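1. Make a model of this:
(one chain, ligands or ions: 1)
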Amino acid sequence: MEKKTNAFKAEIAEMLDLVVNSLYSKKEIFLRELVSNASDAIDRAKFLGLTDKSLIADNPEWKIQIAANKGEKTLTVSDNGTGMDETDLEQNLGTIARSGTKKFREMLKEKGGESLPELIGQFGVGFYAAFMVADKVTVETLKRGTETPLRWESDMSGGYTVSDGDRDFPGTSVTLHLRDDQLEYLDWWRVEDLVKKYSDFIAYPITFRQVDPPKDEKDDDRKRREEREAKPLNTMVALWKRARKDVKQDEYDEFYKHLTHDWEAPFETIPFSGEGAVEFKALLFLPKRATMELFMPQQKRGLSLYVRNVFIGDDIEMLLPSWLRFVKGVVDSSDLPLNVSREMLQDDAIVQKIKSAVTSKVLSTLEDLKKKDAKRYDEFWSAFGAVIKEGVHTDYANADRLKKLLKYPTARTDAGKTVFLEDYVKDMASGQKDIYYLCAEREEDARRSPQLEAARKHGCDVLLWCDPVDDYLTESLREFDGKSFVDIAKGDVQFGSEEEKKAEKEANEKAAADLKPFLENVKKELGERVSDVRVSTRLTDSPCCLVAQEHAMPPSMVRMMRAMKQDVPDEKRILEINAAHPLVSKLKGLDGDAFKDAVALLYDTALIAEGSPVVDGARFAKLLADLMLK
Ligand code: ADP
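-> Numbers count the residues shown, from 1 in each chain. Presented below is the predicted three-dimensional model:
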């Protein structure tokens with residue numbers, strides 16, 4: 001074939017530039033990335049060979065070789081995995097592997113070069129880490145099942161070329177032409193150290209070979225070199241098969257990083273085994289923080305499933321309910337048949353059993369954490385609270401356990417603090433039957449809201465629902481501990497004991513009767529802006545507030561529908577007036593323009609108090625200035 005020159009996609013060029021020029025001190029991770037890729041390629045080849053024997057007709061002895069050439073200053077990582085054809089090269093090494101290139105650029109800009117290692121991992125661009133130590137990279141590859149070996153080459157600046165290559169057996173070799181200040185990676189001891197540190201658990205032997213030993217090498221030296229080169233650098237023991245007490249946390253951490261491309265150690269490591277109905281070994285990890293992939297619907301990687309040491313797949317739906325997609329790790333079972341398709345596995349009864357055991361294990365880990373370490377639970381909650389809420393909504397079978405894991409800020413907590421529903425219930429005022437909540441876009445607005453006044457007066461706490469999904473969840477939450485959830489900003493809410501409610505109702509009816517003409521005038525004045533004006537039961541200090549009608553659509557739903565370009569008319573709300581407020585008797589005495597202006601101001605203050613913008617700011621400012629002059 002003719003040599004083809006291709007430009008990198010713009011994002012890659014930009015990223016490469018950053019990779020090369022970054023001050024990133026841990027350049028050594030490039031080796032981990034290349035070895036990981038080699039191991040993945042072998043995993044895939046083994047898996048494909050299960051159903052298509054012709055692909056592994058060469059009867060491969062799976063292995064990864066690292067070859068150093070001191071004369072040429074090259075380091076080569078080779079595997080006998082799947083190999084790549086022209087399309088693979090184009091798609092895998094010419095564009096950022098997964099989508100989200102725009103996001104990548106934004107995050108780079110926002111976080112700066114220091115965050116590079118983290119981003120490289122998250123975006124699956126590990127291959128390019130090679131350019132941290134090399135100024136040219138050559139990939140020789142032959143895809144299993146094809147006949148044309150190819151060579152991919154790039155010195156970064158001029159894009160990359162693809163031409164005929166000369167690899168004569170399937171697999172891939174990545175050769176780094178090292179920069180002069182990076183020649184340490186040609187030394188056996190340095191490579192051995194790195195493999196032990198980052199790749200010890202890789203399931204295939206990783207060997208090192210020096211291609212050009214010194215011509216005058218002494219017999220003894222040669223013997224020693226050959227001996228050590230004959231031995232794999234890694235121990236190859238599957239971590240999940242070892243007892244927890246025999247594994248150092250460091251080893252778990254490195255394995256986790258290999259699996260996930262996370263640059264940080266996991267938040268929680270959970271080794272466990274299933275016994276009884278289905279036997280399996282699992283090693284699960286909870287990450288420290290949510291990555292972007294959590295919010296990418298196309299995210300497909302979940303737990304890796306191994307059957308008798310063969311990697312079968314890591315499709316997300318297979319072993320985890322979708323809301324648990326942040327959990328990473330491995331499940332290994334010998335109870336599953338080896339040669340079934342992934343699609344069949346989805347419906348397999350054994351897989352279903354494993355799935356529910358894994359889900360339950362994650363839940364019990366979180367329950368334990370909640371019981372034993374409130375501070376760490378809060379860390380988890382701030383990273384993954386949103387997915388727990390998603391679980392309440394989507395995982396009916398586990399909803400009751402999940403509800404107990406929910407946390408919310410309340411009118412009583414300090415900013416940034418949250419409480420569990422059971423603690424809310426424990427602290428309910430005597431006679432309080434329902435769980436109260438108030439929705440707002442921001443916690444500060446909720447805390448200041450006049451709607452909280454009567455609840456406070458009656459000693460009732462109120463959950464502050466400020467996450468857009470919160471009010472969306474009411475339907476799936478339904479009840480907790482036999483108590484319903486009641487929105488205090490909606491319809492007719494009354495607090496306190498039955499007697500208090502009764503007394504209040506009577507007082508209210510009387511006030512409403514007394515104020516009837518006044519309320520009607522206010523309503524006439526506000527016209528289309530409100531659906532009604534009435535006496536409030538929820539205010540003690542503020543003169544008025546706006547409340548939604550009983551069956552109004554939740555504000556988050558309105559926002560969502562509008563985001564989807566649906567036409568949602570503004571729902572008219574009710575202006576509630578605090579009959580006991582001195583302002584009311586003042587207003588009652590006004591007429592003409594003075595009354596008009598006062599009502600306009602009253603309405604605007606209700607908007608401001610709840611954190612909404614006033615409709616006509618200029619008019620509001622003028623009215624206020626006039627008032628001050630008076
Ligand atoms: P990631 O491994 O996270 O997907 P990389 O940038 O490291 O990201 O690699 C991009 C893709 O290139 C891989 O997903 C894989 O498809 C392909 N690839 C890389 N190295 C090899 C290899 N040694 N053999 C086969 N394919 C490879």
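2. Provide the secondary structure category for Tyr377.
-> Here Tyr377 is recorded as helix under DSSP: H, G, I helix; E, B strand; the rest coil.
3. Asp168: what's it in contact with?
-> By C-beta atoms under 8 Å, 6 or more residues apart in numbering, Asp168 lies in contact with Leu142, Pro149. Where you see a C-beta, it was placed from the backbone N, CA and C, and this is true even at glycine.
4. Phi first, then psi, for it.
-> When read as degrees, to the nearest 10, the backbone of Asp168 gives phi -110, psi 10.
5. now Phe255
-> phi -60, psi -40.
6. For it, give me its contacts.
-> Each residue near Phe255 by C-beta under 8 Å, 6+ apart is listed here: Phe201, Leu239, Leu283.
7. Let's see that with 10 Å instead.
-> 198-202, 238-240, 247, 266, 269, 283, 285, 329-330 (C-beta atoms under 10 Å, 6 or more residues apart in numbering).
8. Quick check: helices, which of those are part of them?
-> Using DSSP state H, Tyr198, Ser199 are the members of these that sit in helices.
9. so which of the contacts of Phe255 comes closest to Asp604?
-> Pro266 (51.4 Å; C-beta to C-beta).
10. domain ranges for this structure?
-> 4-230, 239-376 (automatic domain parsing).
11. what does this protein have sitting close to the ligand?
-> 33, 37-38, 41, 79, 81-82, 84, 92-93, 97, 124-127, 172, 261 (C-beta under 6 Å from any ligand atom).
12. Helices - which of these land there?
-> Per DSSP H, the residues of the chain next to the ligand map to helices at Glu33, Asn37, Ala38, Ala41, Asn92, Leu93.
13. what would these look like in a markdown table with pLDDT?
-> Converted to a markdown table, these look like this (pLDDT from 0 to 100):
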| residue | pLDDT |
| --- | --- |
| Glu33 | 84 |
| Asn37 | 90 |
| Ala38 | 95 |
| Ala41 | 94 |
| Asn92 | 83 |
| Leu93 | 82 |
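14. So which residues of the stretch 501-630 of the chain form helices?
-> Using DSSP state H, counting those that start in this stretch, the helices of the stretch 501-630 of the chain run over 516-526, 555-563, 582-588, 592-609, 617-629.
15. Output those helices in CSV; the columns should cover mean neighbour count, distance to Gln432 and mean pLDDT.
-> Rendered in CSV, the data for the helices of the stretch 501-630 of the chain read as follows (neighbours: other C-beta atoms under 10 Å; distance: least, C-beta to C-beta, whole Å; pLDDT from 0 to 100):
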stretch, mean neighbour count, distance to Gln432, mean pLDDT
helix 516-526, 16, 30, 93
helix 555-563, 14, 25, 71
helix 582-588, 14, 29, 88
helix 592-609, 17, 25, 90
helix 617-629, 11, 38, 90
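16. For Asp348, find the nearest of these.
-> helix 555-563 (36.4 Å).
17. if I pick Val387, what's in contact with it?
-> Contacts here follow C-beta under 10 Å, 6+ apart; on that basis Val387 touches Ala290, Leu294, Phe295, Ser322, Trp323, Leu324, Arg325, Phe326, Val327, Thr394.
18. The domains of the chain into a markdown table, with extra columns for distance to Ala454?
-> Listed next are the domains of the chain as a markdown table, based on distance: least, C-beta to C-beta, whole Å:
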| stretch | distance to Ala454 |
| --- | --- |
| domain 4-230 | 43 |
| domain 239-376 | 31 |
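19. So for Tyr472, which of the ones you listed sits nearest?
-> Across these, Tyr472 has its closest neighbour in domain 239-376 (14.4 Å, C-beta to C-beta).
20. count of residues packed around the closest residue to the ligand within the stretch 201-350 of the chain?
-> Proximity of the stretch 201-350 of the chain to the ligand (C-beta to the nearest ligand atom) peaks at His261, 5.8 Å away. The local packing of His261 (other C-beta atoms under 10 Å) involves 23 other residues.
21. ok, it to Gly126 distance?
-> 7 Å (C-beta to C-beta, to the nearest Å).
22. likewise Val522?
-> Relative to Gly126, and taking C-beta to C-beta, Val522 is found at 66 Å.
23. so Glu528 makes contact with Lys572?
-> Yes: Glu528 lies in contact with Lys572 (C-beta atoms under 10 Å); the separation is 7.4 Å.
24. In terms of neighbours, single out the busier of these two.
-> Lys572 (16 against 7).
25. So for the more buried one, what's the nearest residue that isn't a sequence neighbour?
-> Ser531 (3.9 Å; C-beta to C-beta, 6 or more residues apart in numbering).
26. Now do the one you found against Val547, distance only.
-> 10 Å.
27. Please say which of those two ends up with more neighbours.
-> Val547 (24 against 15).
28. Could I get the contacting residues of the more buried one?
-> 451, 487-493, 532, 534, 536, 538, 573-576, 606, 610.
29. Tyr472 against Met560, yeah?
-> Yes: using C-beta under 10 Å, Tyr472 is in contact with Met560, at 7.9 Å.
30. who touches the residue of the stretch 451-600 of the chain at minimum distance from the ligand in this structure?
-> Nearest residue of the stretch 451-600 of the chain to the ligand: Val469, at 29.9 Å (C-beta to the nearest ligand atom). Counting by C-beta under 10 Å, 6+ apart, Val469 touches Gly385, Ala386, Lys389, Glu390, Val392, His393, Ser556, Met560.
31. Might you specify the subset of those residues located within strands?
-> Among the contacts of Val469, none falls in strands (DSSP state E).
32. Among those, which are located in helices?
-> Members of the contacts of Val469 lying in helices (criterion: DSSP H): Gly385, Ala386, Lys389, Glu390, Val392, His393, Ser556, Met560.
33. what sits against the nearest residue to the first one once chain neighbours are set aside?
-> Meaning Gly385. Sequence neighbours aside, Lys407 is the residue nearest to Gly385 in space, at 6.7 Å (criterion: C-beta to C-beta, 6+ apart). Applying C-beta under 10 Å, 6+ apart, we find Lys407 in contact with 370, 377-378, 381-382, 385, 388, 413, 417-421, 423-424, 463.
34. Strands of the stretch 201-350 of the chain, residue ranges please.
-> 206-210, 268-274, 280-286, 301-307, 310-315, 328-333 (DSSP state E, counting those that start in this stretch).
35. who does the fourth one pair up with?
-> Which is strand 301-307. strand 310-315 (antiparallel), strand 328-333 (parallel) (DSSP bridges).
36. highest average neighbour count across these?
-> strand 328-333 (a mean of 24; mean count of other C-beta atoms under 10 Å).
37. How about residues contacting the helix or strand containing Glu500?
-> For Glu500, the host element (DSSP states H and E) is helix 498-514. For helix 498-514, contacts defined as C-beta under 10 Å, 6+ apart pick out 431, 433, 454, 458, 492, 494-497, 519, 534-537, 577-580, 584, 588.
38. That helix - what's its average pLDDT?
-> Averaging pLDDT along helix 498-514 gives 86.
39. How far does it sit from its chain's centre?
-> From the chain centre to the centre of helix 498-514 is a distance of 50 Å (C-alpha atoms, centre = their mean, to the nearest Å).
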